[in-house]
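Colleague: Requesting a structural model of the entry that follows:
(2 chains)
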2 protein chains.
Amino acid sequence: MRVVQCVPNISEGRDLEKIEKIVEPLKHHQGFKLISYEPDKDYNRTVITLIGDPDQMIMPLIAFVKQAMDLIDMNQHHGEHPRMGAVDVIPFIPIQEVTLDECVDYAKSLADHVSFMYQIPVFLYAKAAQKKERENLPDIRRGEFEGMAEKLKDPMWTPDYGPLSIHPTFGVVAIGARVPLIAFNIDLDTSDEKVASTIAKAIRQSSGGYQYIQAGPALLAERGHVQVTMNILDFKKNPIYRILETVKMEAKRYHVNVMSSEIVGLLPKDAIMDSLKYYYACEKKVFDKTMSFEVITEEAKTYLLFRDFDTKKMIEANM
Amino acid sequence: MRVVQCVPNISEGRDLEKIEKIVEPLKHHQGFKLISYEPDKDYNRTVITLIGDPDQMIMPLIAFVKQAMDLIDMNQHHGEHPRMGAVDVIPFIPIQEVTLDECVDYAKSLADHVSFMYQIPVFLYAKAAQKKERENLPDIRRGEFEGMAEKLKDPMWTPDYGPLSIHPTFGVVAIGARVPLIAFNIDLDTSDEKVASTIAKAIRQSSGGYQYIQAGPALLAERGHVQVTMNILDFKKNPIYRILETVKMEAKRYHVNVMSSEIVGLLPKDAIMDSLKYYYACEKKVFDKTMSFEVITEEAKTYLLFRDFDTKKMIEANM
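Modeller: You can find the predicted model right below:
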């Protein structure tokens, strides 16, 4: 079974009726599932998660873009999250029996359709980027909807698909492909934010740490402790266990313990399996590749200290 | 006291008499010391280490370059190490009360003198580089002595100082400034090179590990075990203890122990002190910033597992 994850973000997070209408074309399909859509009022933005056969997704995604175009007027949009279009970004993420290169092809195919049918300018980003300057989404989005009309006049920012000027109410959209990203937080039994901050610096790429880690400190005021909050951009290169054990090692000097950890959103099953293999090898336990989602969940809680975790957090358990 | 380390490499590692004549101008100075010069026959190259006041070094270095020019003919040179000049490279490294920017100035001053006096083309490299493509020494050296005459015709490779074509017998030289680099090897109690190779991949920048680590496996046939052999390019960002503890953690899954470790060449005292602080904090031991070189040496053996280590391996103990 060929599986991708697709995570469109729309610039509407307040009007629930409107959101329902926009996601309607993505519901009740055989080949893929609408896993979730989570409106955020402050951001005025909704993150939508689809999982399944990419070939089945393209037509419904086109219909979904049309709904967003018809129902959202970016001239009226206000929210805390940077944005440049009614549908702001559509990434394709390979999960199973699909390569990253094939995801680039799906991104191009969708870009071709929506630009041609609705006169929406499209930028290809991340692994689908045609130019180095377009790999990084924030670089494309800089100026946001309000500055985009002017930005597109610069030959450096000619859209990859579609007209040379913005759609008057939709704006522009970025469509791309990227590897799965894991949002991972590690709970420390201290409320001293400096400890989390120093440990984050030790592990993150920007200050000399691991190449595929973005990390920072966060104070969870209600829970009364700090976290090292991070994105793992490539779990094959920087597996969860390595980051967790490095954080434990760094925490030792402050006599701080790692209590638990959490996954925000979904993660591929393999990201857990790869890390369980480490602990099994350390304990000379026989590793069973075919263990059930339920067993994986229990083992992840034991070894990776996941809290608030259930089988449905694994992408594959939703298929 | 202002101190830099300067590590010129010459393209002669076999004719000991010649080598003595070339290093002669660097001996018996008040302001700096000739710490070592270690000829390597296979490489046919000698690495020279100077430590002391940079202002006192410049004139003797100019005389030393002249000796190398007079005594080495690169047209006759064969050796395993890539090279492009009789003196191949001269880096200045800040140690004490000297900034990296000041080391760039010393590099430029030396470059100005040797290019003007001896018609030797000079490339500024590493932190002294004037262009991005010249930061990395291997990029400058690509083509080596034999290809350099042709390479210099390309406007991209116009030398930063001196004539536009190579010196017929000397070739060209790279002069630059960089932070201290630590050559650090970790001994594993196995002869399985695959284990060292997998662990090296986990920690090194090129495969996703720590940003300032270059690492690979090495089999020490006579000692009967493997090493993870590495360069720490910035010990402030990637301290020794963090690398050592990460290697221990990775080795666990193979039930392999870290037996000992070694420093090749010299290292700044601070690189040890920063790491001892970690272990002292873990053990709640009071850290004495003023401990003697002898005490530091003993503690480094205990906590960082250094073998074959003595006080003179610390740059500052040679001053």
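
Colleague: Can you give me the domain boundaries for chain A?
Modeller: For chain A, whose domains are defined here by automatic domain parsing, the residue ranges read A:3-177, A:182-318.

Colleague: I'd say A:Gln96 and A:Gln5 touch.
Modeller: No - in this structure A:Gln96 lies outside contact range of A:Gln5 using C-beta atoms under 8 Å: 9.8 Å. Placement of C-beta: from N, CA and C, glycine included.

Colleague: Tell me which residue of chain A is furthest from the middle?
Modeller: Distance to the chain centre peaks in chain A at A:Lys284, reaching 34.6 Å (criterion: C-alpha atoms, centre = their mean).

Colleague: Could you look up the SS state of the closest residue to that one other than its chain neighbours?
Modeller: Using C-beta to C-beta, 6 or more residues apart in numbering or on different chains and skipping residues adjacent in sequence, the residue nearest A:Lys284 is B:His255, 7.6 Å away. Under DSSP: H, G, I helix; E, B strand; the rest coil, the three-state class of B:His255 is coil.

Colleague: so what's B:His255 scoring on pLDDT?
Modeller: Looking at B:His255, its pLDDT is 98.

Colleague: that older thread, which of A:Gln96 and A:Gln5 has more residues huddled nearby?
Modeller: A direct count of neighbours by other C-beta atoms under 10 Å in any protein chain shown for A:Gln96 and A:Gln5 places A:Gln5 higher, at 25 against 16.

Colleague: returning to that earlier point: could I get the domains of chain A as TSV with distance to B:Val89?
Modeller: TSV is the format used below for these (distance: least, C-beta to C-beta, whole Å):
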stretch	distance to B:Val89
domain A:3-177	31
domain A:182-318	25
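
Colleague: Tell me the spacing between the residue farthest from the centre of chain A and B:Tyr254.
Modeller: With distances defined as C-beta to C-beta, to the nearest Å, the gap from A:Lys284 to B:Tyr254 amounts to 11 Å.

Colleague: Check the burial of A:His255 by counting its neighbours.
Modeller: Other residues close to A:His255 by other C-beta under 10 Å number 12.

Colleague: in the sheet, who's paired with A:Ile186?
Modeller: For A:Ile186, the beta-bridge partners are A:Val228, A:Ser261 (DSSP bridges).

Colleague: Quote the end-to-end distance of stretch A:43-61.
Modeller: With C-alpha to C-alpha, to the nearest Å as the measure, stretch A:43-61 spans 22 Å from end to end.

Colleague: Rounded mean pLDDT for that stretch, please.
Modeller: For stretch A:43-61, the per-residue pLDDT values average out at 95.

Colleague: And it, what's buried?
Modeller: By neighbour count with 16 or more other C-beta atoms under 10 Å in any protein chain shown, stretch A:43-61 contains the buried residues A:43-54, A:57, A:60-61.

Colleague: Just the ones in strands from those, please.
Modeller: For the buried residues of stretch A:43-61, the ones inside strands are A:45-52, with DSSP state E as the criterion.

Colleague: three-state assignment of the residue farthest from the centre of chain A?
Modeller: With three-state DSSP as the criterion, A:Lys284 was assigned coil.

Colleague: Got the confidence number for it?
Modeller: Each residue has a pLDDT score; the one for A:Lys284 is 98.

Colleague: ok, now the one 3 residues further on?
Modeller: Residue-level confidence at A:Phe287 comes out at 97, pLDDT.

Colleague: what about the closest residue to it other than its chain neighbours, how many neighbours?
Modeller: For A:Phe287, ignoring the flanking residues on the chain, the nearest one in space by C-beta to C-beta, 6+ apart is A:Tyr280 at 4.5 Å. A:Tyr280 has 17 neighbours, counted by other C-beta under 10 Å.

Colleague: for A:Tyr280, helix, strand, or coil?
Modeller: Reducing the assignment to helix, strand or coil with three-state DSSP, the entry for A:Tyr280 is helix.

Colleague: Next one: it from B:Glu294, what distance?
Modeller: If you go by C-beta to C-beta, the gap between A:Tyr280 and B:Glu294 works out to 45 Å.

Colleague: Just give me the residue closest to the centre of chain A.
Modeller: By C-alpha atoms, centre = their mean, the most central residue of chain A is A:Leu181, 5.7 Å off.

Colleague: List the contacts of that one.
Modeller: For A:Leu181, the set of contacting residues under the criterion of C-beta atoms under 8 Å, 6 or more residues apart in numbering or on different chains consists of A:231-233.

Colleague: cool, A:Pro94 as well?
Modeller: By C-beta under 8 Å, 6+ apart, A:Pro94 lies in contact with A:4, A:100, A:102-103, A:177, A:179-180.

Colleague: Most neighbours among these, which one is it?
Modeller: A:Ala177 (28 neighbours).
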